[in-house]
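Novice: sequence first, then the predicted structure, then my questions.
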Amino acid sequence: MTTRAQADQDDPEKRVAARLRELRRERGVTLATLADWTGISAAHLSRMEKGERQPSIGSLIQLARAYGVSLGELVGDERPREHHVVRGAAAPVHEGPDGPYAMMTGLGPRSALEAVRLELTADRPERVAVHAGEEWVYVVRGRIVARIGEEEVSLVAGDALHFDAAARHSLWSREEPATVLIVSVAPPPGRPPHSAGSA
């Protein structure tokens, strides 16, 4: 007979919610403190921990940086080793507010680089993210629009975009579904994030 705990472990979204609760309790951090660290409201964090709201890719990146873990560890897909192979068809797919996504990296918290494959559909609302580090977006298929600060950039399959993730940014698809690869790199310890006014 399957217990509720076993069922939750088999459900990727419930597993993410449980992992978020577990990490915060391990760190002894209140929701209010975590909200200060990430810029995500305490109410929204609470709903994510209860599984009532799925975290966006931007929220996952912010939370992983706050806790000092990798995205793969945060969503429970990681098996840390000296190398990590992801077979495209076998990568666990999670459902999020940005669309279905799969982790494509997994070396663990010692790695500064994270990669996510994200499926965008035209009916998804635009979601804004802001976090430390840099991002590189590659359009695998379809057409998307990226908003970086106040500027909009149209991208088609084969195009790539590199930007400072400290700027407000969002991605959405045009009329058709699109697939993008998002690579996020954390700033090295001690290195301040880029500033919009730097040369």
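Specialist: Yes, it's here. Residues are numbered from 1 along each chain as shown.
Novice: now do the buried residues in the longest helix belonging to the chain.
Specialist: When the chain is parsed with DSSP state H, its longest helix is helix 12-27. Residues 15-20, 23-24 are the ones in helix 12-27 that count as buried (16 or more other Cβ atoms under 10 Å). Just so you know, the C-beta spots here come from the backbone N, C-alpha and C atoms, and that holds for glycine as well.
Novice: closest one of those residues to Gln54?
Specialist: Val16 (7.8 Å; Cβ to Cβ).
Novice: who touches the closest residue to the closest one other than its chain neighbours in this structure?
Specialist: Of all residues not flanking Val16 in the chain, Val75 sits nearest, at 5.2 Å (Cβ to Cβ, 6 or more residues apart in numbering). Contacts for Val75 (Cβ atoms under 8 Å, 6 or more residues apart in numbering) come out as 12, 15-16, 19, 60, 92, 94, 103.
Novice: likewise Arg168?
Specialist: 128-130, 147-149.
Novice: distance of Leu155 from Ala122?
Specialist: Going from Leu155 to Ala122 by Cβ to Cβ, to the nearest Å gives 15 Å.
Novice: okay, these two: which has more neighbours?
Specialist: Each of Leu155 and Ala122 had its neighbours counted (other Cβ atoms under 10 Å), and the higher figure belongs to Leu155 (20 against 13).
Novice: in this structure that one contacts Ala146, no?
Specialist: Yes: here Leu155 lies in contact with Ala146, judged by Cβ atoms under 8 Å, at a distance of 6.3 Å.
Novice: which residues do those two both contact?
Specialist: Listed as contacting both Leu155 and Ala146 by Cβ under 8 Å, 6+ apart are 137, 161.
Novice: read off the pLDDT value for the residue lying closest to Tyr67 once chain neighbours are set aside.
Specialist: Nearest non-adjacent residue to Tyr67, counting by Cβ to Cβ, 6+ apart: Leu23, 5.0 Å away. pLDDT recorded at Leu23 is 89.
Novice: what about Ala66, neighbour count?
Specialist: By other Cβ under 10 Å, the residues close to Ala66 number 20.
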